[in-house]
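Peer 1: only geometry, no sequence info:
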């Protein structure tokens, strides 16, 4: 008897998972996320306590740009663990922002299943591990208080903006493959010693200070900056700003 095989159709999806812990203090149960979706594509946010909400990507009627949609949520319990699960159609999530997650602790932000991601922003109460090695289209990263000691952005060749404000654990930063990087913001990265910058760097905006940068690395940064006029420089150690 000839066996019958049924082919199963697999639907690819974009997915982001975030593990958080609500804190027993004012607003410690409040979370907020923003998503930018491709036009006409749908995303659903499951907050981990049974509640969900959805959004369809659209263009702003005035400037024609993709709209950022903000999701806000209050959890029923403080001092409790939740997993936020964001699911969307394939290649739907263009931008993800968790800049209003600073009322909770975050243990994981997994964006490995979002290959179309161009903007990543996140800020939490305390440090969180950053991994964007699967997000090859990223153009902007704004990650406050990153827990990693070493960061390598070789997998993000399109990166144009990088903000690591207050990432005290970061010791080294590899940007040697990021020719298109224009803006670098690294103040209060108190243990940052080494930066490997591209020889073809496009850097023209630098904010630094309260670092332990090696003299040679700092000099290389400033040379790259001045080679890409006009440029903007802020040295927070000396309360100095220069435009040229």
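Peer 2: Nice, thanks for sending it over. Owing to the predicted nature of the structure, the values given are computational and were not obtained by experimental measurement. Numbers count the residues shown, from 1 in each chain.

Peer 1: For residue 42, which residues are in contact?
Peer 2: 54-57, 88-89, 92 (CB atoms under 8 Å, 6 or more residues apart in numbering). For every residue, glycine as well, the C-beta is placed using N, CA and C.

Peer 1: In strands, which of these appear?
Peer 2: Residues of these located in strands (DSSP state E): 54-56, 88-89.

Peer 1: Dump these to JSON lines, plus pLDDT.
Peer 2: Formatted as JSON lines, the ones in strands among the contacts of residue 42 follow (pLDDT from 0 to 100):
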{"residue": "54", "pLDDT": "96"}
{"residue": "55", "pLDDT": "94"}
{"residue": "56", "pLDDT": "97"}
{"residue": "88", "pLDDT": "97"}
{"residue": "89", "pLDDT": "96"}
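
Peer 1: where does this structure dip in pLDDT?
Peer 2: Low-confidence segments of the chain (pLDDT under 70): 1-11.

Peer 1: per-domain residue ranges of it.
Peer 2: In terms of domains, the chain is parsed into 13-142, 148-244 (source: automatic domain parsing).

Peer 1: Pick out the residue nearest the middle of this structure.
Peer 2: For the chain, the residue nearest the mean C-alpha position is residue 120 (2.9 Å; CA atoms, centre = their mean).

Peer 1: what about that residue, which helix or strand?
Peer 2: strand 119-128 (DSSP states H and E).

Peer 1: which outside residues touch that strand?
Peer 2: Against strand 119-128 from outside (CB under 8 Å, 6+ apart): 20, 23, 36, 94-109, 111, 130, 132, 135, 138-147, 167-169.
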